[in-house]
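Q: what follows is a predicted structure for the sequence shown.
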Amino acid sequence: MRAKKPALVITFSTAAEAMKMEKFCLARSLPGRLIPTPQEITAGCGLAWKAPEDALALLTQAMADGEIHWEDARVLSI
């Protein structure tokens, strides 16, 4: 079994916004990847962005620049 490590998890209210985040981040080589929303979070569309825990400021600015609407961002051990 894989050891759990802290990671930043950003949730979205729609799958379209989650996919917009993926496209935006891949085009700009920003950290992270799209994952199913962890069980610890009951909100969201079922998709979330997982990134290093120290990437919050970088990704918050990127989402503002890309007009990407997100729901919540928190560090979880996943």
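A: Everything's here; your move.

Q: tell me the mean pLDDT over the longest helix seen in the chain?
A: Secondary structure of the chain read by DSSP state H shows that its longest helix is helix 15-27. For helix 15-27, mean pLDDT is 98.

Q: now that helix, how far from the centre of its chain.
A: The chain centroid and the centroid of helix 15-27 are separated by 9 Å under C-alpha atoms, centre = their mean, to the nearest Å.

Q: what does that helix rub up against?
A: 10, 12, 30-34, 45-49, 59, 62-63, 66, 68-70 (C-beta atoms under 8 Å, 6 or more residues apart in numbering). Placement of C-beta: from N, CA and C, glycine included.

Q: what of stretch 36-44?
A: Contact partners of stretch 36-44, identified using C-beta under 8 Å, 6+ apart, comprise 9, 11-13, 45-48, 71-72, 74, 76, 78.

Q: buried set for it?
A: Residues of stretch 36-44 classed as buried by neighbour count (16 or more other C-beta atoms under 10 Å): 37-38, 44.

Q: then stretch 50-57?
A: 50-51, 55.

Q: can you give me the end-to-end span of it?
A: 14 Å (C-alpha to C-alpha, to the nearest Å).

Q: what's across from the residue most central in space within the chain in the sheet?
A: When C-alpha atoms, centre = their mean is applied to the chain, the residue found nearest the centroid is Trp49 (2.1 Å). Trp49 has these beta-bridge partners by DSSP bridges: Ile10, Leu34.

Q: for stretch 55-65, what is the distance to the chain centroid?
A: 10 Å.

Q: buried ones only from the contacts of helix 15-27, please, as a PyMOL command.
A: Only the buried entries of these go into this PyMOL selection, using 16+ other C-beta under 10 Å:
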select buried, resi 10+12+30+32+34+45+47+48+49+59+62+63+66+68+70
